[in-house]
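Asker: Next comes the sequence, and after it the predicted model I'd like to discuss.
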Amino acid sequence: MTKYKIYVDASSNLLYSSYYVEGFYTTFGKNNVHFSSKHFKDLSKRDDEWSYDSYMAVKIVEKHKSYKIIIDFGDDVPIRKYAYAWCDVYAKINYNPRITGYFDKVHPIAPGFGIKIWNLLQISFFSISNLIKLNLNPQIPLLKHFHNYFSQLKLHRIETFAESLNSEVNGDYVFFIATLWPHQNCLTGTNLLRQNYMEACKDAKVNFEGGFFLPDDAHPQRDQFSHLIFKKRYLLREFIQKTKKSAIVFNTPAVHNCHGWKLGQFLAMGKAIISTTLENDLEPELIHGQHIHFISDVKELNAAIIKLLTDDVYRRRLEDEAKSYYANFAQPSAVIKSILQKADIKIN
């Protein structure tokens, strides 16, 4: 039986925090993980920091000692100063000390993504009980509060992503879908890079499926990408199944140059990843030719695609090492254990 009790801020954005709640469940057991508001009353000025969409707060209690943890899942790089002052460890996905400067309490973590952790009955219970703990005053409108809880019904458990086998790969098939984002860095970077990848795959004469999903017809690049746009959303189940079959996948920094969900999902599925250079830090870093195949320029795309499609030994090595990286550093329990190590919390 663990000697620790884990208290998760009841106001946490479940869509982004579910990955880490699962990590605490796995590491400490569900019976030792609780949602609370009283443990976080000293975390001040949260509205000034967009905390709901930026980070979750956790307190780990051991008898008369406690450890304060911030897990910053925000897409942008700033360190939230009030959260940083409050915590003992500031775990952050998108850490870029070349922009923010160095912070000694910051611990870079691998990107997570939304996963299912509860069934319908549990979703209903926690959405109401946490609202009561917040005195019916969440940081967001009530409708959004319930929407973020019940979005769990559309998600899949982490095992669905991780149960990926090399034998599922179809060497002549490439699947890739992405949202056509309107953010400035996506207009000038992300969207164009993804377009280049899709068109390079088509030039390579593979059986390509996918394109851009357009959430808003007013998007300024609608006409430019019209030949790659699809209107009907793929279900998450389809995305997972088709990505597992895809011979290769493509990653590039997304909104605010962040480590997007795709990178975490691709690692979990053990895919052979072609990626542009990452803007933010990872600990440990992904190594070119071992975990991932980096390109420094779009001119290298065609050669990278041909390399991975024709060199089965190299592709399988990337798949195996991506899976190994996920198991050791990126799966929910591995992320939590790395945070505990940074906090000098010893378990077992």
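Answerer: Happy to help now that I have it. Numbering: from 1, shown residues only.

Asker: May I have the helix or strand containing residue 264 exported as PDB, CA atoms only?
Answerer: When elements are assigned from DSSP states H and E, residue 264 belongs to helix 261-269. The C-alpha atoms that make up helix 261-269 are tabulated as PDB, following Å, rounded to 0.1, in the frame of the first residue of the first chain:
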ATOM      1  CA  TRP A 261      -0.800  15.400 -29.900                       C
ATOM      2  CA  LYS A 262       0.300  13.600 -33.100                       C
ATOM      3  CA  LEU A 263       3.900  13.200 -31.800                       C
ATOM      4  CA  GLY A 264       2.700  11.500 -28.600                       C
ATOM      5  CA  GLN A 265       0.200   9.300 -30.500                       C
ATOM      6  CA  PHE A 266       2.800   8.300 -33.100                       C
ATOM      7  CA  LEU A 267       5.300   7.300 -30.400                       C
ATOM      8  CA  ALA A 268       2.600   5.300 -28.600                       C
ATOM      9  CA  MET A 269       1.700   3.500 -31.800                       C
END
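
Asker: what comes up buried for the helix or strand following it?
Answerer: Remark: after helix 261-269, the chain's next helix or strand is strand 273-276, criterion DSSP H and E. By 16 or more other Cβ atoms under 10 Å, the buried positions in strand 273-276 come out as 273, 274, 275, 276. To be clear about C-beta, it is placed using only N, CA and C from the backbone, and glycine gets the same treatment.

Asker: And stretch 116-128, by the same measure?
Answerer: Here stretch 116-128 shows 116, 117, 118, 123, 126, 127 as buried, counting by 16+ other Cβ under 10 Å.

Asker: which residues are in contact with it?
Answerer: The contact list for stretch 116-128, computed with Cβ atoms under 8 Å, 6 or more residues apart in numbering, reads 18, 21-22, 25, 35, 145-146, 149-150, 152-153, 155-157.

Asker: Would you mind confirming that residue 32 is in contact with residue 7?
Answerer: No - taking contacts as Cβ atoms under 8 Å, residue 32 lies outside contact range of residue 7: 10.0 Å.

Asker: rewinding a little: dump the contacts of stretch 116-128 into JSON lines; add neighbour count, secondary structure and distance to residue 185 as well.
Answerer: Converted to JSON lines, the contacts of stretch 116-128 look like this (neighbours: other Cβ atoms under 10 Å; DSSP: H, G, I helix; E, B strand; the rest coil; distance: Cβ to Cβ, whole Å):
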{"residue": "18", "neighbour count": "26", "secondary structure": "helix", "distance to residue 185": "26"}
{"residue": "21", "neighbour count": "25", "secondary structure": "helix", "distance to residue 185": "30"}
{"residue": "22", "neighbour count": "23", "secondary structure": "helix", "distance to residue 185": "30"}
{"residue": "25", "neighbour count": "18", "secondary structure": "helix", "distance to residue 185": "35"}
{"residue": "35", "neighbour count": "18", "secondary structure": "strand", "distance to residue 185": "35"}
{"residue": "145", "neighbour count": "21", "secondary structure": "helix", "distance to residue 185": "30"}
{"residue": "146", "neighbour count": "16", "secondary structure": "helix", "distance to residue 185": "32"}
{"residue": "149", "neighbour count": "22", "secondary structure": "helix", "distance to residue 185": "31"}
{"residue": "150", "neighbour count": "14", "secondary structure": "helix", "distance to residue 185": "31"}
{"residue": "152", "neighbour count": "22", "secondary structure": "helix", "distance to residue 185": "30"}
{"residue": "153", "neighbour count": "11", "secondary structure": "helix", "distance to residue 185": "32"}
{"residue": "155", "neighbour count": "18", "secondary structure": "coil", "distance to residue 185": "27"}
{"residue": "156", "neighbour count": "15", "secondary structure": "coil", "distance to residue 185": "29"}
{"residue": "157", "neighbour count": "13", "secondary structure": "coil", "distance to residue 185": "32"}
